[in-house]
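Asks: please work out how this folds:
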Amino acid sequence: MTWGNRLRLFAGIVVIVLIVGVATVVLSQRKGETSSSTASIEAVAFPVGTDYAGTIIEQPITKGDVIAAGDPIATIDSSILRESQAKGTVTASSAVFDVHDDGTVTVKSTVSGVVQNVAIQQGGYAGSGSTIATIQATDALFVTAEFTLDPKDFARVQSGALVSLKLPNSDRVNGEVAQVDVTTVDGNARAIVKVTSPNLDYGGHGGLVAPGTPVEATLTLRNDDPLSTAVDALQGSAEDFVGTLSR
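Replies: Just a heads-up that it's a prediction; the model follows:
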């Protein structure tokens with residue numbers, strides 16, 4: 001065998017080893033990920049009610065409206081309020097409502113958000129303590145994702161773990177695991193994961209960042225196999241080395 005053939009053989013072996021190595025690393029990394037069965041953007045819902053029963057005479061909101069904290073939700077004509085005014089036992093106006101001298105009260109939103117539903121329409125009767133409307137706050141959106149995991153994989157779910165969120169337009173937003181609730185179904189863990197992200201700004205990505213938008217969530221699991229551990233160690237050493245050189 002000539003030296004040229006030996007070199008070509010050696011080069012071929014090196015290429016094969018590199019391909020196998022890269023494929024092994026990729027497979028190892030994929031073992032550390034799992035995709036959601038369902039996931040969507042959500043918001044904390046705040047019910048808006050009234051302490052004074054009466055008839056709703058004004059209602060400037062409809063479902064889907066975007067409102068700010070302090071905006072009026074409804075004005076109620078209340079005979080109970082008038083009786084309290086006559087007795088001098090009326091609660092003063094607050095961030096929640098404005099009391100008027102004519103026996104009406106205007107209920108206000110305490111949060112900025114989107115009107116999720118209107119429970120009692122204009123002209124309807126609102127009882128004391130009843131919910132008039134529900135507001136979804138838009139200042140702290142999050143994602144709820146459902147994963148089906150075997151017990152071994154569930155043990156690899158960590159608080160603060162990276163979650164990649166894919167929006168309907170294929171844009172990606174990174175988040176992290178904030179909370180995990182689990183039930184066992186047919187021997188598997190049905191995990192409901194709350195994902196938070198500072199990049200979930202309402203109306204972002206062409207309006208797709210909004211309550212109810214479906215997303216695809218990919219959860220990064222703790223990878224315990226020896227190859228992954230070795231790769232992570234090498235990556236950490238390389239980052240430390242680069243950091244030392246940059247000082």
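
Asks: tell me the phi and psi of Lys87?
Replies: Main-chain torsions, Lys87, degrees, to the nearest 10: phi -90, psi -10.

Asks: how many neighbours does it have?
Replies: The burial count assigned to Lys87 is 8, neighbours taken as other CB atoms under 10 Å. (C-beta placed from N, C-alpha, C; glycine too.)

Asks: and if you look at Gly32?
Replies: With other CB under 10 Å as criterion, Gly32 counts 18.

Asks: give me the most central residue, this structure.
Replies: Nearest to the geometric centre of the chain sits Phe142, at 1.3 Å (CA atoms, centre = their mean).

Asks: what pairs with it across the strands?
Replies: Beta-bridge pairing for Phe142 (DSSP bridges): Glu42, Thr196.

Asks: what about Thr55, distance to Val105?
Replies: 12 Å (CB to CB, to the nearest Å).

Asks: can you list residues touching both of those two?
Replies: Ile76 (CB atoms under 8 Å, 6 or more residues apart in numbering).

Asks: where's Leu81, which helix or strand?
Replies: Taking DSSP states H and E as the criterion, Leu81 maps to helix 79-87.

Asks: hang on, the residue nearest to the centre of the chain packs against Val193?
Replies: No. Counting by CB atoms under 8 Å, Phe142 stays clear of Val193, with 10.2 Å between them.

Asks: remind me which residues of this protein are low pLDDT?
Replies: Within the chain, the segments meeting pLDDT under 70 span 1-31, 224-247.

Asks: hmm, 50 instead?
Replies: 20-30, 227-235, 238-239, 241-242, 245 (pLDDT under 50).

Asks: can you pull the buried residues of stretch 102-113?
Replies: Going by neighbour count (16 or more other CB atoms under 10 Å), the buried part of stretch 102-113 is Gly103, Thr104, Val105, Thr106, Val107, Lys108, Ser109, Val111, Ser112, Gly113.
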